[in-house]
Every structure is written in C-alpha cells, then in structure tokens.
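K.L.:
All I have is the shape, not the residue letters:
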Ligand SMILES: Cc1ncc(COP(=O)(O)O)c(C=O)c1O
C-alpha cells in the first residue's frame, strides 16, 4: 500500500530549532514554573499597542469592517503607506507602488517568491535575522553570505557585497537597521549598491522594520539613497515601531509591475488582510508622532543602561548599537562557545540571552541582549551577567 507523502518544501522546512532557541524555550518554562528569570532573549516589544490605535480598531470592528479586502490592501492604508514613504525619502511614492501584507515576514516571502526561482542566488549578510533562512529554504534558492564582522561595526562593505555577486544572483538582500546588531548601512554604501545593482540588473531588497528606532541619526532608507527605483524593494511594517507585532501588518514598496505580481501572489496566498486592522494601521501611520517617539526614547535609554554596564565590566564589551532593540555583547574573553555561555548563564544566574551563533558565524562569541524589558529588569539582568563573568 502506498503511504501518503509530504512535499519537498515541507521537508526543506523540517529542521531542528537552532541551539539558541533552546535557551529561550527553557527560560520560558523555568519562568512558568515560578523561577525568577530575566528574559532578554526575545524581540517582541514589551509595550502595549498605543491605546488610540486599539480604540480605532475597535470602532472599525463595530461598524462592520470585517469583510474581505482587496489583495493588495485597502486604499486608505496604501495611501497612508505611500504618504509615509513620500515623507521619509525624496522620491514621491504612489499608491500603485505599495502592497500590504500580514507582517514583514509575509512581505519578504511574497517579494522573494516573485523574484527568485529554485537554484537562483541571493546575496545576504552574516549576521542575519533568523527569519530569513526558512524563507530561503522554502524557495530553494541559494544563499551567498557576506560577513559583516564586529571589527567593521557589523556593517557589510560595498566591496564584499559586490564580490559575492555572480551570474546566478537575482537579489541582493539588506537589512538596515539590522537585527541582531542594530548596525546601520550608511548612505554612501547604499548609494553605491543601488547604482551597482541597477547596472547589473539585480534586485536590491531592503528590510527596514527598525527604521523608526534610530538613536543618533535619522534612518536612511534605500529609497533615499537610490536615484533609480526600478529594481528596488523596501519592506517595512508596524510590528516594532508601533508595538503591533501580533496585529501582523507589513508592506512592500516596489515598482508598479512587481506590485501587480505581488497582488496575484497575495490573492492566492492571503486573499487580503483584515479590514479593521488595516484601518487602525492607516490611523497609526497618519498619527504616529508622539507614541513612536516616546517608545524610541525609552529604547535609547535602555540601550544606554545596558551598554554602560557592559562596557564598564572587566570581561565583557559591546558596540553601542545605533538603532533597533538589541545589544550584541562580546563574551569571547569569558567563553568562545556562546551556546555554552548562554546555557550556563541561564542555569546559574537565571538570565536568558540568545547565542550570537544563532545569527551567523560573525557573531560567534557574542550573545544578544534584547531591550524589551523595563530598565530595572535590564539592570538586574546585566548585573547577573556581569557577576557570572567575574
Ligand atoms: C529584521 C527583522 N525582519 C522581520 C521581522 C519580522 O517582522 P514581522 O513580525 O512584521 O513579520 C523581524 C522580527 O523580529 C526582524 O527582526
């Protein structure tokens, strides 16, 4: 008798959790059993979604905004995104250049699915956000990874990115500001990359989900750097900036022809996002002045607390991140094996951090501390971390 089987895609997605996540899962189960654990291993904002956005969603629910929605998104939200993108870059953005997705993850998957075939190459940076790898595996494309080591401030150089391009490269993929390091790719490098990719006929795609949390200088979008936009895709969303991770709201800004492909892709994959969530997201984008700024200020203060404690310690150090919600702490003088370090830190001091190797080779010997806890918790966590290394 023939046994029913699974697709190759299902098998490609079948891997064990990276060792790093084991630390996080153990921290949560210790916490559930009543242990005093300081959890610094997640990237989900601790803030509640600002009340006016919640109220807006509820009011739209009450008036029946609960029906099917166009695959590319409601016009009011596409307009709000286009207006936002027009404000943050010198290029005007039209509604035809915007597609709405259920979070940045869905936007990245949809965009890459419309740009890459199995066997094509995508150039990416190490370290990288852990969510990219499963998408790349699902699409059966070949990742070509470029190191952005600590001595470069975790920023990839133009030369190393360009050297990774071959005849099979279809996409160069960037993330600025970056998870896990909070590094920012400067305007000049973005400019050069945009010109290079344009000339080589390669797509340049940038995940900018931390764009609203920069601390010393304003975010520079790929759209700001580029002169020509016909091979560029910028992806952003509200998960981090507006503490709306569970609402699932993201978007892609891309040339009109790609948006049309994305519309067909979204029709068969999502068939539209919830109307009341899109209404509240449009409201959030049109009225984000104070609450985004307030959250950004709080993250900056938290970053300073963590970096000051770490850099004053005898055996730990960190590069002060310019953006985002994480600090990469160098623990290599204590233990070059970051997985072992994180495991023992949790066992002995009840603090959970993610091993740097979960994000790539360049962050081995580091651990990632997230800033999504109040200052008192961060201080307690850092004090225990420092005690552990003394
Ligand atoms: C760089 C980066 N991109 C994308 C995501 C996922 O975003 P979303 O929750 O909107 O899918 C995250 C989440 O941590 C991230 O850090």
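P.N.:
Here it is on my side, so go on. Note that the structure is a prediction, hence the values are computed from the model and not measured.
K.L.:
element containing residue 189?
P.N.:
With elements taken from DSSP states H and E, the one containing residue 189 is helix 187-200.
K.L.:
Quick one: name whatever helix or strand follows that helix.
P.N.:
The C-terminal neighbour of helix 187-200 among helices and strands, as given by DSSP H and E, is strand 203-207.
K.L.:
For the host helix or strand of residue 162, name the packing helices and strands.
P.N.:
Here residue 162 sits within helix 158-163, counting by DSSP H and E. Counting by 3 or more C-beta pairs under 8 Å, 6 or more residues apart in numbering; DSSP states H and E, the packing neighbours recorded for helix 158-163 are strand 142-147, helix 187-200. In this view, the C-beta of every residue, glycine as well, is placed from N, C-alpha and C.
K.L.:
try it again with 10 Å
P.N.:
Counting by 3 or more C-beta pairs under 10 Å, 6 or more residues apart in numbering; DSSP states H and E, the packing neighbours recorded for helix 158-163 are strand 121-126, strand 142-147, strand 169-175, helix 187-200.
K.L.:
Point out where the chain drops to low pLDDT.
P.N.:
Residue ranges of the chain with pLDDT under 70: 16-19.
K.L.:
for the ligand, what are the nearby residues on the stretch 101-250 of the chain?
P.N.:
Proximity of the stretch 101-250 of the chain to the ligand is assessed by C-beta under 6 Å from any ligand atom, with 103-105, 129, 131, 175, 179, 207, 209, 237, 239, 245, 250 identified as the residues in range.
K.L.:
Reformat those residues as a markdown table; add secondary structure.
P.N.:
As requested, those are exported to a markdown table (DSSP: H, G, I helix; E, B strand; the rest coil):
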| residue | secondary structure |
| --- | --- |
| 103 | helix |
| 104 | helix |
| 105 | helix |
| 129 | coil |
| 131 | coil |
| 175 | strand |
| 179 | coil |
| 207 | strand |
| 209 | coil |
| 237 | strand |
| 239 | coil |
| 245 | helix |
| 250 | strand |
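K.L.:
and the residues you listed, which two are the farthest apart?
P.N.:
For these, with distances taken as C-beta to C-beta, the pair at the greatest spread is 175 and 245 (16.9 Å).
K.L.:
Neighbour count: the two, which is higher?
P.N.:
Just comparing residue 175 and residue 245: by other C-beta atoms under 10 Å the higher neighbour count belongs to residue 175, 26 against 17.
K.L.:
Can you tell me the closest non-neighbouring residue to that one?
P.N.:
In space, not counting the residues next to it along the chain, residue 175 is nearest to residue 207; the distance is 4.4 Å by C-beta to C-beta, 6 or more residues apart in numbering.
K.L.:
by contact count, what packs against whichever helix in the chain runs longest?
P.N.:
In terms of residue count, the longest helix belonging to the chain (DSSP state H) is helix 289-312. Judged by 3+ C-beta pairs under 10 Å, 6+ apart, helix 289-312 is in contact with helix 51-62, helix 275-286, strand 317-318, strand 326-330, strand 366-370, helix 375-389.
K.L.:
Break the chain into its domains for me.
P.N.:
Each structural domain of the chain that the record assigns through automatic domain parsing is listed here as a residue range: 8-48+290-389, 67-288.
K.L.:
any chance of those in TSV, with distance to residue 1 too?
P.N.:
As requested, the domains of the chain are arranged in TSV below (distance: least, C-beta to C-beta, whole Å):
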stretch	distance to residue 1
domain 8-48+290-389	21
domain 67-288	30
